[in-house]
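J.: Quick one, fold the following:
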Amino acid sequence: MSDPVKAIARHLRHCCAPFAELVVDRADSEDWHSLLFDGGRHHLDVRLRGDDVAMALDALPAWIAAADFTIAGHLIADITLVSVERRDKEALLRLEALTLADSLAVSV
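T.: Prediction:
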C-alpha cells in the first residue's frame, strides 16, 4: 500500500472507530501526471462492519468532504465515495482519491 493510501485508510478508520470497524480489502495506486502536477490516483475497497454501520455510513460523506487530514509530502486534491453496497451489519465501499506531490515539502 502506498503512503497516501495508508494515510487515507488510517484517517477513515479513526473516523469510523466509534461506530464500525473499517477493513481495507484492496488498495492500489498509480502515478498520475498533468502538465503542472505530479501525484497519484488511489483506489480503495473497504469494508465497514459492526452494529452501528448505518451511523458510520451517514457520517462518512462529511468525513470525506472535509479531507482535512494531512499526508506527508502530498496534498489531497480529490476523494470520492464511488459506491456503497449495504449488507446486514456490513457495508462494502469503493473510494477513489487523487493526491498531488507537495512541492513545498521537497527539499532541493
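J.: Can you point out the buried residues in stretch 50-68?
T.: Going by neighbour count (16 or more other Cβ atoms under 10 Å), the buried part of stretch 50-68 is G50, V53, A56, L57, L60, W63, I64. Heads up, the C-betas are built off the backbone N, CA and C, glycines and all.
J.: what's the weakest-modelled helix or strand in this structure?
T.: For the chain, the helix or strand with the lowest mean confidence is helix 53-66, at a mean of 85 (criterion: mean pLDDT, DSSP states H and E).
J.: What's the per-residue pLDDT of P4 here?
T.: On pLDDT, P4 comes in at 87.
J.: swap that for L104, sorry
T.: Note for L104: predicted pLDDT of 61.
J.: that older thread, show the average pLDDT along the helix or strand just after the least confident helix or strand of the chain.
T.: Counting by DSSP states H and E, the next helix or strand C-terminal to helix 53-66 is strand 74-86. The predicted model gives strand 74-86 an average pLDDT of 90.
J.: What's the first helix or strand after strand 74-86?
T.: Reading on from strand 74-86 to the C-terminus, the next helix or strand found by DSSP H and E is strand 90-101.
J.: Between strand 74-86 and that next one, find me the angle.
T.: Counting by axes from the mean of the first three to the mean of the last three Cα atoms, to 10 degrees, strand 90-101 lies at 160 degrees to strand 74-86.
J.: so what strands line up beside strand 90-101?
T.: Here strand 90-101 has these sheet partners by DSSP bridges: strand 38-49 (antiparallel), strand 74-86 (antiparallel).
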